[in-house]
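Student: what would the 3D arrangement of this be:
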Amino acid sequence: MIASQTLRQDPDRPRTCFVVGPIGDPYATHSSPEREAYEHHLGIFEQVIAPACEKYEITAVRADGIAHAGDINEQICRHVIESDLVIADVSGGNSNVMYELGLRHITGKPTIHIGEVGQLPFDIASIRTIRYQRARSHLAGARREIECALEAGLQDGFELLTPARVLRGLQTVDGTSSTAQSANEGDADDDNAPGLLDDFVAIEDGLGEMTADMAAITKTMETIGALTEQSNIEMLDLTQAKAPASARLAAVTRYAESLSVPAGELNTVTAAFSERMATLDSGVRAALGLIEVTPPDERGEGTEDFLEQLMSLDESAQAGLSQVAFLGTSASGMVRVSRYLRNPVKDISAAVKRLTSAITCMGEWAGKARALAQGTTE
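Tutor: Next up is the predicted model:
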C-alpha cells in the first residue's frame, strides 16, 4: 500500500500531501464524461482524502489547487517528488497518473494507493490498494482506511514498497543512496542489494524476453491466419458446389480441431507476456522518470540503448496491431458458425484482449522514450 520513509518530523514545516489522480474538465459540457470525471474525483478529494489528511494536520492539494503561477508540468513534478506524502487515485489506469506514480516510486517516500472497485489497472495489481465504491457509506469506509494507514505510518513508519518493478538504490531524503545508507549502518544483508545500473539491466533483460514473446505471438498469429485462409477457401468451394450442410459442418469441425492448438498456444504466450508487462510497467515508468529529471550529460551509458529498446519493442508491436485487430474481429464472427469453434475462439479472444492492453502500454513507454531521446539529441 505504501512506500518507504516516515513523514518528516520538522515542526517548522507543515506536512504536505499531493493528490495524484484523474482531474477531468470543470468547463466541459454538463453530463459529459469529462465533466462527470471532474465532479466524481473532486468529490473523492473533498469527502475522502482531504478530511483523512486534515485529521493528522496534513495539508492535501490537487494539481488544480496549486496556487503559485508557473509551468504546471514542472510544478506537478516538484509536488510529486517533494511532498511528504502522495495519495494516488489509480482508477482507470490514467497514463498521466501512472507516470507520476512511477516518478514518485523513485523517491521511496510514502505513497498510498486508492482506486474505485472494478477500475484498478492490472499493472499494479500486486500493490495493496484502498478500494472504494461511489456509495456514501463506502466512501466513509475508504476515508477511515486512509486514516488508519496514516496513523500506522506516523507511529511505526511506512512500509517499504519492494516489488521488483520499483527501482531500488535511489536517493533517500538526506541525499545518500539507500544501499549506501544500509552499508553505513552495517547492514551486511544489503551488501548484495542491486543498484541503479543493476535495475536497468534487469529491466532490459525483461524487455528482451518480451521481444522474444512478441516474436512467438506473431508466429502463432500467422499460423492461425493461414489456417483460417485455408478454411475459407474450402468453405467457398463447398458453397459453390452446393454441398450439404453436413459437409460444411465437417469442414468447420476440422478447422476447429486444427485451430485449437495454436489458439491455446496464443493464449498461453500472451498470458506470460501480459504478466511480464505487469511486472515491468512501474519499473519502466520509474526509469523514464529518472532519466527525465537527470541532465542529458549526466545520464548513464546505457540510457540511449534503453530508450531505443523501448521504441523498437513498440515498433514491432504496432506492426502487429492491425493483425491483432483483424484476429479479434474474425474470432467474434467465428463463434456464431459452430459450437466446435467456441473453445478456440475463447482462447483467441482472451489473447487479443491482453495484447491490445499491452500494446497500448508499450505505446506509452515508447512515446515518452522518443521525447526523451529527442531531448538528448537536441
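
Student: surely Val61 is in contact with Phe45?
Tutor: No. Between Val61 and Phe45 there is no contact under Cβ atoms under 8 Å: 9.3 Å. Where C-beta positions appear, they are placed from N, C-alpha and C, glycine not excepted.

Student: identify the contacts common to those two.
Tutor: Val19 (Cβ atoms under 8 Å, 6 or more residues apart in numbering).

Student: what residues does the helix or strand harbouring Leu139 touch?
Tutor: Element membership for Leu139 (DSSP states H and E) is helix 136-156. For helix 136-156, the surrounding residues in contact (Cβ under 8 Å, 6+ apart) are 1-2, 6-7, 43-44, 47-49, 51-53, 55-56, 58, 85, 87, 110, 112, 114, 130-133.

Student: show me which positions of it end up buried.
Tutor: Across helix 136-156, burial judged by 16 or more other Cβ atoms under 10 Å covers Leu139, Gly141, Ala142, Arg143, Glu145, Ile146, Glu147, Ala149, Leu150, Gly153, Leu154.

Student: chain neighbours aside, what residue packs nearest to the third one?
Tutor: It stands for Ala142. In space, and not counting its chain neighbours, Ala142 is closest to Tyr132: 3.7 Å by Cβ to Cβ, 6 or more residues apart in numbering.

Student: so what's the one you found up against?
Tutor: Ile44, Val48, Ile114, Gly115, Glu116, Val117, His138, Leu139, Gly141, Ala142.

Student: how does it look with 10 Å?
Tutor: Listed by Cβ atoms under 10 Å, 6 or more residues apart in numbering, the contact partners of Tyr132 are 44, 47-48, 89, 91, 114-117, 119, 138-143, 145-146.

Student: also Ala60?
Tutor: 15-19, 45-46, 49-54, 83, 85, 87 are the contacts of Ala60 under Cβ under 10 Å, 6+ apart.

Student: if you set the cut-off to 7 Å instead, what comes out?
Tutor: Neighbour list for Ala60: Cys17, Val19, Ile49, Ala50, Cys53 [criterion: Cβ atoms under 7 Å, 6 or more residues apart in numbering].

Student: and Ala247, what does it touch?
Tutor: Leu238.

Student: where does pLDDT dip in the stretch 201-350 of the chain?
Tutor: For the stretch 201-350 of the chain, applying pLDDT under 70 flags the ranges 201-202, 282, 319-336.

Student: what about the strands in the stretch 101-250 of the chain?
Tutor: 111-116, 130-132 (DSSP state E, counting those that start in this stretch).

Student: phi and psi next, for Asn94.
Tutor: Backbone geometry at Asn94, expressed as degrees, to the nearest 10, gives phi -50, psi 130.

Student: hmm, back to that, Val61 and Phe45 - which one has more neighbours?
Tutor: Phe45 (22 against 17; other Cβ atoms under 10 Å).

Student: pLDDT score assigned to that one?
Tutor: Confidence at Phe45, expressed as pLDDT, is 93.

Student: surely it meets Arg62?
Tutor: Yes. Here Phe45 reaches Arg62: they are 5.8 Å apart, a contact under Cβ atoms under 7 Å.

Student: what's the overlap in contacts for these two?
Tutor: With Cβ under 7 Å, 6+ apart, Phe45 and Arg62 have common neighbours Val19.

Student: what about Pro295, neighbour count?
Tutor: Pro295 has 6 nearby residues by other Cβ under 10 Å.

Student: if you could redo that for Tyr27, that was the one I meant.
Tutor: 8.

Student: so it belongs to a strand, correct?
Tutor: No. Using DSSP: H, G, I helix; E, B strand; the rest coil, the assignment for Tyr27 is coil, not a strand.

Student: re the thing from before, quick check: bridge partners of the residue nearest to Ala142?
Tutor: Applying DSSP bridges to Tyr132 gives these bridge partners: Glu116.

Student: where's Glu364, which helix or strand?
Tutor: Applying DSSP H and E, one finds Glu364 within helix 342-377.
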